[in-house]
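K.L.:
Turn this into a model:
(chains A, B, C and D, ligands or ions: 4)
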There are 2 protein chains.
Amino acid sequence: MLSRSVQDYLKTIFKLQEGGAVSTTEISKELKVSGASVTGMLKRLSAMELVDYNSYKGVKLTEKGKVVSLEIIRHHRLLELYLKDHLEFSLEKVHEEACRLEHYISEEFADKIDDIMGHPQFDPHGHPIPTKSGVLSEFEDKPLNEVEVGANIQIKRLSDTDSELLAYLEEMGLMPGVQLTVLEKAPFNGPVTVKFANEEKIIGNEIAKNIFVIMNCDEIPE
Amino acid sequence: MLSRSVQDYLKTIFKLQEGGAVSTTEISKELKVSGASVTGMLKRLSAMELVDYNSYKGVKLTEKGKVVSLEIIRHHRLLELYLKDHLEFSLEKVHEEACRLEHYISEEFADKIDDIMGHPQFDPHGHPIPTKSGVLSEFEDKPLNEVEVGANIQIKRLSDTDSELLAYLEEMGLMPGVQLTVLEKAPFNGPVTVKFANEEKIIGNEIAKNIFVIMNCDEIPE
DNA sequence: AATAATATTTAGTTTTAAATAAAATTTTTC
DNA sequence: GAAAAATTTTATTTAAAACTAAATATTATT
Ligand SMILES: [Mn+2]
Ligand SMILES: [Mn+2]
Ligand SMILES: [Mn+2]
Ligand SMILES: [Mn+2]
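P.N.:
Ligands and ions are numbered 1, 2, ... in the order given. The predicted model follows:
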């Protein structure tokens, strides 16, 4: 069994490796450990053939490493949704619980909750859930603060790290799937005014950065 | 957070401490570690005030230690029942999964599944589930191989360690709650013949040792 | 009561995981 | 090409959890 720590390194590398290799410093910052610790772990991961590691050049997941990472991410997102929809956890609490349990549930556990939920595609924050075979759907979204005035948009996903912010967004009703129109954008990174459910709401810029949206299309995904 | 290992020592001491203090050797045998390892751990547990430890005399849980143990046992049994009744795990698989997850679920998780199941009193093997406040119900049962011929009995609980045996018992329909009549007991630890659901079944002595029963009373507990 | 057998503890190591600081090295930037 | 930044190396540290072998205590046996 891979340790929780090893699994968290893999998840982090997966998350960071969009544009090619991931640097030691990036991982170091994300996990809040020293660079030396990262180098040490990268050697171990490399010995386990979970990553391709080139000194000074950065690190990439191997196919094997990707499979493991996607499995953990799958566990995480299935758990989040299950906690929310079947165990009545509030949205802001699901991340922490899932981030712990993701390392300990069996494949069978994950498959069972997946079945019960009917193979859902998205977690409660709007993140895509990898399939059992490891396929992760992608979409292009952008933060609400970058949308032009007048656009009809749909909330696609929320950043899941700040639980206080999530509690606030849930309170406001700003959840994935909600349709919005951008009425106004104050200059100098000022608040964004949106209309939804026939009400106008003013959303601070810092908050808007954590709300990711897609341009409206006729069919509503998810 | 108490480590998984610490938690398993506590559970073991709880299980063994019926008649007073538990000896190093008993723990050593149960956990399959050396006596020296046990002594080492007992000192640590004692420093954490989870046990009262007297060199050479044995060890007892403190009130604090009991509270922690009962919490883990509660997690274990709630999980077993939830896995069986809500996630469709088969009986022989629940123990292993619960024995792992019991250390990692939050109190909130335990409370949520407890609520959903309506505060059940017994796990799928017939073991009592401690209440949230730490009350563990007790009952007197005895192994099926010690019951006299002619007795009307009810299966109260099954030993939960041997998963192959459990699969067999489930197959046979020998589950907690089932009513039996003992028709015959072969001498020299021979098999026990029982009648239930209008059928006669012969149960080997080794198996009968793992089936714990209570004498029939009018009301059916559970 | 002395001795033998058994149980337990102590002392000293081992393993493994995961981290660190400080020094050395490589890469990048200016 | 020098300075700055990133990265690795080296040598330690911490911690949990185990082990063996030797020493000691308890208990059972004669
Ligand atoms: Mn995690
Ligand atoms: Mn999420
Ligand atoms: Mn356990
Ligand atoms: Mn059980």
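
K.L.:
how about the residues of chain A that lie near DNA strand D?
P.N.:
With the criterion set to CB under 7 Å from any atom of the strand, chain A comes near DNA strand D through A:23-26, A:28, A:35-36, A:38-40, A:42-43, A:53, A:55-56, A:58. Glycine gets a C-beta too; all of them are placed from N, C-alpha and C.

K.L.:
which one among these gets closest to ligand 2?
P.N.:
residue A:26 (20.8 Å; CB to the ion).

K.L.:
Next, work out how far apart the closest one and DNA strand C are.
P.N.:
Noted for residue A:26: a distance of 14 Å to DNA strand C, by CB to the nearest atom of the strand, to the nearest Å.

K.L.:
is it true that residue A:138 touches residue A:130?
P.N.:
No. Checked against CB atoms under 8 Å, the pair residue A:138 and residue A:130 is beyond contact range at 11.1 Å.

K.L.:
Tell me the confidence at the spatially most central residue of chain A?
P.N.:
When CA atoms, centre = their mean is applied to chain A, the residue found nearest the centroid is residue A:127 (5.3 Å). Note on residue A:127: pLDDT of 97.

K.L.:
That one touches residue A:77, doesn't it?
P.N.:
Yes. The pair residue A:127 and residue A:77 qualifies as a contact (CB under 8 Å) at a distance of 5.8 Å.

K.L.:
could you point out which element follows the top helix by length along chain A?
P.N.:
Secondary structure of chain A per DSSP state H: the longest helix is helix A:63-85. Counting by DSSP states H and E, the element after helix A:63-85 in chain order, helix or strand, is helix A:91-101.

K.L.:
who's more crowded, residue A:138 and residue A:130?
P.N.:
Counted by other CB atoms under 10 Å in any protein chain shown, residue A:138 and residue A:130 do not tie: residue A:130 has more neighbours, with 21 against 6.

K.L.:
Excluding sequence neighbours, find me the nearest residue to residue A:95.
P.N.:
With sequence-adjacent residues excluded and distances taken as CB to CB, 6 or more residues apart in numbering or on different chains, residue A:95 is closest to residue A:160, at 5.1 Å.

K.L.:
check contacts around that neighbour.
P.N.:
By CB atoms under 8 Å, 6 or more residues apart in numbering or on different chains, the contact set of residue A:160 is A:80, A:95, A:125, A:127, A:166.

K.L.:
Identify, from those, the entry nearest to DNA strand C.
P.N.:
The closest of the contacts of residue A:160 to DNA strand C turns out to be residue A:95 (CB to the nearest atom of the strand; 19.2 Å).

K.L.:
how far away is that closest one from DNA strand D?
P.N.:
Distance, residue A:95 to DNA strand D, using CB to the nearest atom of the strand: 26 Å.

K.L.:
what's the neighbour count on that residue?
P.N.:
That count, for residue A:95 with other CB under 10 Å as the rule, works out to 22.

K.L.:
List the residues that contact it.
P.N.:
When contacts are counted by CB under 8 Å, 6+ apart, residue A:95 touches A:80, A:125, A:160, A:161, A:163, A:166.

K.L.:
So the first one sits against residue A:126, correct?
P.N.:
No. Look at residue A:80 against residue A:126 with CB under 8 Å: they stay out of range, at 10.8 Å.

K.L.:
hmm, back to that, any idea how far the residue nearest to residue A:95 lies from residue A:71?
P.N.:
Residue A:160 is 19 Å from residue A:71, where distance means CB to CB, to the nearest Å.

K.L.:
what does residue A:7 give?
P.N.:
Residue A:7 is 9 Å from residue A:71, by CB to CB.

K.L.:
for residue A:110, same thing?
P.N.:
Distance, residue A:110 to residue A:71, by CB to CB: 8 Å.

K.L.:
likewise residue A:64?
P.N.:
Distance from residue A:64 to residue A:71, counting by CB to CB: 11 Å.

K.L.:
who has more neighbours, those two?
P.N.:
Per other CB under 10 Å, whichever of residue A:64 and residue A:71 has more neighbours is residue A:71, with 18 against 12.

K.L.:
what sits against the more buried one?
P.N.:
Per CB under 8 Å, 6+ apart, neighbours of residue A:71: A:107, A:130, A:134.

K.L.:
before we move on, what about residue A:140?
P.N.:
Here residue A:140 is in contact with residue A:214 (CB under 8 Å, 6+ apart).

K.L.:
let's see it at 10 Å
P.N.:
Residues in contact with residue A:140, defined by CB atoms under 10 Å, 6 or more residues apart in numbering or on different chains, are A:156, A:212, A:214, A:215.

K.L.:
and whichever strand or helix holds residue A:36, which residues are buried?
P.N.:
Using DSSP H and E, residue A:36 sits within helix A:35-47. With burial defined by 16 or more other CB atoms under 10 Å in any protein chain shown, the residues of helix A:35-47 counted as buried are A:38, A:41, A:42, A:45, A:46.

K.L.:
now stretch A:52-60
P.N.:
For stretch A:52-60, burial by neighbour count (16+ other CB under 10 Å) applies to A:53, A:58, A:59, A:60.

K.L.:
from the residues you listed, which is closest to residue B:2?
P.N.:
Nearest to residue B:2 among those is residue A:59, at 34.1 Å by CB to CB.

K.L.:
Assumed that closest one was part of a strand.
P.N.:
Yes. Remark: residue A:59 belongs to a strand, assigned using DSSP: H, G, I helix; E, B strand; the rest coil.

K.L.:
Pull the contacting residues for it.
P.N.:
Taking CB under 10 Å, 6+ apart as the criterion, residue A:59 is in contact with A:9, A:13, A:16-17, A:21-24, A:26-27, A:38-39, A:41-42, A:45-46, A:50-53, A:65.

K.L.:
still on that earlier bit, of the contacts of residue A:140, select the buried ones using a PyMOL command.
P.N.:
Buried members of the contacts of residue A:140, defined by 16+ other CB under 10 Å, are picked up in PyMOL with:
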select buried, chain A and resi 156+212+214
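
K.L.:
Nothing else from me, thank you.
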